[in-house]
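Participant: have a look; sequence and predicted model below, questions after that.
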Amino acid sequence: MRGNMERHILCNKQPILDDKQKLFSYSYTLEAIGAHDLPPAVWEDEARDLFAELDRTIGLDNLAGKHKCFYRVPNCLLKPETLPNLSDQKKLVIEIDIDILGDKEALTHLKTLRAEGLQLCLRDYKPDEAHDKLLKIVQFVKLNYTVLGDALIEQYRRLQDSHTVIVTHVQDEAQFHALKEQGVKLFQGFYFVNPVTTADKELSANEAAMLQLLAKINSDDTDFEELAKIIRTDVALSHHLLTAINHPSNDLPYHVESIEDAVKLMGLKRLKFWVTMMIMSRAENTPTELLTTALVRGKFMELLAENSEHKREKDSFFLVGLFSTLNAFFHLPMVDLVERLPLAEPLKKALTDLEGDMGRALRIVRDLERGSTDWQSLQFENQDIMTISAHYMTANGWAQQILQNLS
């Protein structure tokens, strides 16, 4: 196994949601860091190391869950022996592009993979003879909204009867709704963290109650007795909280029977985080992937803090990550939301202006979501891009585990 400092590739992950904003799949891309042009032998060695590391810690199976894995790699990795191992290998959907037409060896490997039952996806489709030739061997097609623009809908309608079509590079909620109105069914990207917000929006009764409860729980004035009272008055919350805490994956030393047991085991601050996550999971009309993103950000930022000089601030880092999607939960500007929450000024500045060390950590995780491989921007104090990439994958696995506990 080569050390993290020597590795030149990382794995990016983006969700694919349907028109009801339910998770359809995840798309995984192996990319070279910076401007590296790696020879095939290096790609093979480093991809093997990366997946071995994933298998030891989280496992691609756990990251993907029951969903398909869209898998994008250089042509040199399209060999049966270099693919990641899944419990059901047919969950893999191999992404290809126009370059493969000039690679006879890769085409031969594709023929083998198709014979083994794997499906293919043509990415960045354009309406020309070369792309149309590849349409004959694929089941999925990805249309790049940034590239096709206004011409996208015409191509979508032409292809939708013969292929499953996914629109990529959807940047925000406004684009999602516009495409949905035109009949698009599948969308790739983190558009849902960029909501349409209005400062004069009136919260529904449920939204107002949820925001008030989040503020109450996370107030420094709320001690254990007050928190226990909040939990006990909500029977469903109390039941789901204890069920989630006692989930086998948490590997607790004993069964938690009461809120008192929970606070002894976890501490008041951690229990507050669990209650906060439970409340956010009950939000109406929001995609589950929005909560997943909040959990990933929170855990990722906590890991950054734990492995830096900010160990004592790890809870604040976690909370900034967790709350960084609240504007999408409530469709309110973040600057208005933070004024309703009992947050210290550094946390507010991190959430609204990406200021300070917590703001820099939040910027890094947002860059990772967008698929950045800029090694200079993806560093945090003593942690290089490979360490940060490992934190991101760990946070993704942790978030999936938490969601299983909450369900």
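Facilitator: Now that the structure is in, tell me what you want to look at.
Participant: what's the first helix or strand after the lowest-mean-pLDDT helix or strand in the chain?
Facilitator: Ranked by mean pLDDT, DSSP states H and E, the weakest helix or strand in the chain is helix 60-64, scoring a mean of 79. Counting by DSSP states H and E, the element after helix 60-64 in chain order, helix or strand, is strand 68-72.
Participant: and that following strand, what's its mean pLDDT?
Facilitator: The average of the pLDDT scores along strand 68-72 is 94.
Participant: again with stretch 386-394
Facilitator: So the average pLDDT for stretch 386-394 ends up being 87.
Participant: okay, now the residue nearest to Q383 when sequence neighbours are not counted: neighbour count?
Facilitator: Closest residue to Q383 apart from its sequence neighbours, by Cβ to Cβ, 6 or more residues apart in numbering: N307 at 5.9 Å. The C-beta positions use only the backbone N, C-alpha and C, and glycine is treated the same way. If you count neighbours by other Cβ atoms under 10 Å, N307 ends up with 17.
Participant: which residues are contacting the least confident helix or strand of the chain?
Facilitator: The set of residues external to helix 60-64 that reach it, using Cβ atoms under 8 Å, 6 or more residues apart in numbering, is 13, 26, 28, 51, 54, 69, 84-87, 91, 393, 396-397, 400-401.
Participant: all strands for the chain, in order.
Facilitator: For the chain, applying DSSP state E gives strands covering 9-18, 23-32, 68-72, 92-96, 119-122, 140-144, 164-168, 186-188.
Participant: show the contacting residues for C121.
Facilitator: F70, V93, I94, E95, I96, V138, Q139, F140, V141, K142, I166.
Participant: could you rerun that using 7 Å?
Facilitator: Residues counted as contacts of C121 (Cβ atoms under 7 Å, 6 or more residues apart in numbering) are F70, V93, I94, E95, V138, F140, V141, K142.
Participant: and the residue lying closest to I58 once chain neighbours are set aside, how far from A390?
Facilitator: In this structure, I58 finds its nearest non-sequential neighbour in G397, 3.2 Å apart by Cβ to Cβ, 6+ apart. G397 sits 11 Å away from A390, going by Cβ to Cβ, to the nearest Å.
Participant: wait, what's in contact with the residue nearest to I58?
Facilitator: Counting by Cβ under 7 Å, 6+ apart, G397 has contacts T57, I58, N62, L63.
Participant: hang on, the second one packs against M393?
Facilitator: Yes. I58 is in contact with M393 according to Cβ atoms under 7 Å; the separation is 6.1 Å.
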